[in-house]
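Novice: Next input, structure requested:
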Amino acid sequence: MRNTIIGIVIGVVVGVMIGATVVAPRLEEARHQSPSASVPGAEVLGLSSNTLAQTTALSAPSSLQAPVKRLRIISLYPAKTPILGELPLRLQKALPIASGGRLGVTVYDPNTLVEAQDTLNAVKSGTVEAVFATPGKWDSTTPALQLFTAIPFGPGAEEYLAWYYHGGGRALFEAIMKKKGLHAILCGALPPSASGWYRNPVRTIEGFKGLNIRAVGLGGKVLAKLGANVKLLEAGEILSQFEQGQLDGAEYSLPSVDAPLGFQKFARNYYFPGWRQPVTLFALAINAQVWNDLPKRERAAIDTVCGDNVRHALVWADAQQFEALKDLSLAGVQVRRWPDAILQALQGAWKEVAREQVQNDPDFAKAWGSLQKFHRDYAIWREISRFE
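Specialist: Residues are numbered from 1 along each chain as shown. Have a look, this model is predicted:
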């Protein structure tokens, strides 16, 4: 069934290579098609930062009272970054509406109010009120936060969110953040990311050894386990190191995010499936005292708007990816699928990484145990309720 779905969505598999398969999706067919007509309702789901500012549904009425509390939110993604930078801008537009004008919000780019690496400390100290990012990006010294960011070979969005909201995940996440003097709220989620860009095809699992690869989080630990030299780099640094010949590969995000950043100029092999990030979660971390001082109405407004951001991001991002893949294919990018042998080896390395994290960090062990228990029960429901 998995291969059937891939055939429908991405296209037919053309040619067989040792350790790497080139995917010629219906992308080839789409080369000769005119741009599809606009879909009714797409203007609602596909809100760019520009259309967001112009959309009356998310524009604060002039009759709203002056805000009684203003939240300064630092986003760790520049506003111009597709999807990643636009999600926090929705908070800036929607929170004044949801709070009846009692909350004012201003979103700042990274490195504007404080240095990016100092953002979390700035929120803890009350220098600014909040930060928006993936939890794993906030604090690399807390391994458990990676379980609330992206889990290699992990659950799909339905299961992941069911565990978070109703299986104990939210309470565990909030407890971890409370220790840091913060209150955190899930505030976005994205469908599977790409597996990465590579200068040359990786033909066997041994092919990872010695490669310089930009990777983060738990997925980065998996690649390191297989002998890759893993580098932690921001988007701009990735391009610079590719240009200087210091990178062999890099993972970042979805096709519609990756394409405008220009990775295809330096690496033409684009790999799937997104084993390292089947789902990516984003959250809003607010200074605990600021949160505690907010009236219930304003807290409820933040919860509601962040919940809508989760829904919006998942469906909006999913709807964009075929067009992005088509454009990349037209530009000569080779869209490839990892063969089963490599995926199995990656999954084996992930199991080793997970065991090590459980042994080394009590919070990770607690959250991982909770997720695994939920998965066992959920698997029974999934098996009897799904067609595939």
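Novice: Check the gap between the spatially most central residue of the chain and Ser253 for me.
Specialist: Nearest to the centroid of the C-alpha atoms of the chain, with distances taken as C-alpha atoms, centre = their mean, sits Thr280, at 3.3 Å. Remark: distance between Thr280 and Ser253 (C-beta to C-beta, to the nearest Å) = 8 Å. C-beta: built from backbone N, CA, C; applies to glycine.
Novice: Next: Ile83.
Specialist: Distance from Ile83 to Ser253, counting by C-beta to C-beta: 8 Å.
Novice: Show me which of those two is the more surrounded one.
Specialist: Ser253 (21 against 18; other C-beta atoms under 10 Å).
Novice: Write down the beta-bridge partners of the residue nearest to the centre of the chain, one by one.
Specialist: Thr280 has these beta-bridge partners by DSSP bridges: Leu190.
Novice: Use 13 as the first number from now on
Specialist: In the new numbering, first residue 13, that becomes Thr292.
Novice: Provide a list of residues in contact with it.
Specialist: Thr146, Thr161, Ala162, Ala201, Leu202, Ser205, Ser265 (C-beta atoms under 8 Å, 6 or more residues apart in numbering).
Novice: If you average the pLDDT over stretch 296-306, what comes out?
Specialist: For stretch 296-306, mean pLDDT rounds to 97.
Novice: residues touching Leu157, list them.
Specialist: Leu157 makes contact with Pro147, Gly148, Trp150, Asp151, Ile188, according to C-beta under 8 Å, 6+ apart.
Novice: Kindly write the PyMOL command that selects the buried subset of the residues you listed.
Specialist: Here is the PyMOL command that selects the buried residues among the contacts of Leu157 (16 or more other C-beta atoms under 10 Å):
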select buried, resi 147+148+150+151+188
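Novice: Tell me the one of the contacts of Leu157 nearest Val242?
Specialist: Gly148 (14.3 Å; C-beta to C-beta).
Novice: Residues contacting the helix or strand that closest one falls within, please?
Specialist: Using DSSP states H and E, Gly148 falls within helix 147-150. Contacts of helix 147-150 with the rest of the structure, by C-beta under 8 Å, 6+ apart, involve 88, 131-132, 143, 157-158, 160-162, 185, 196, 228-229, 293, 295, 297.
Novice: Likewise for stretch 123-143?
Specialist: 82-88, 120, 122, 150-151, 192-194, 296-299, 301-302.
Novice: how long is that stretch end to end?
Specialist: 12 Å (C-alpha to C-alpha, to the nearest Å).
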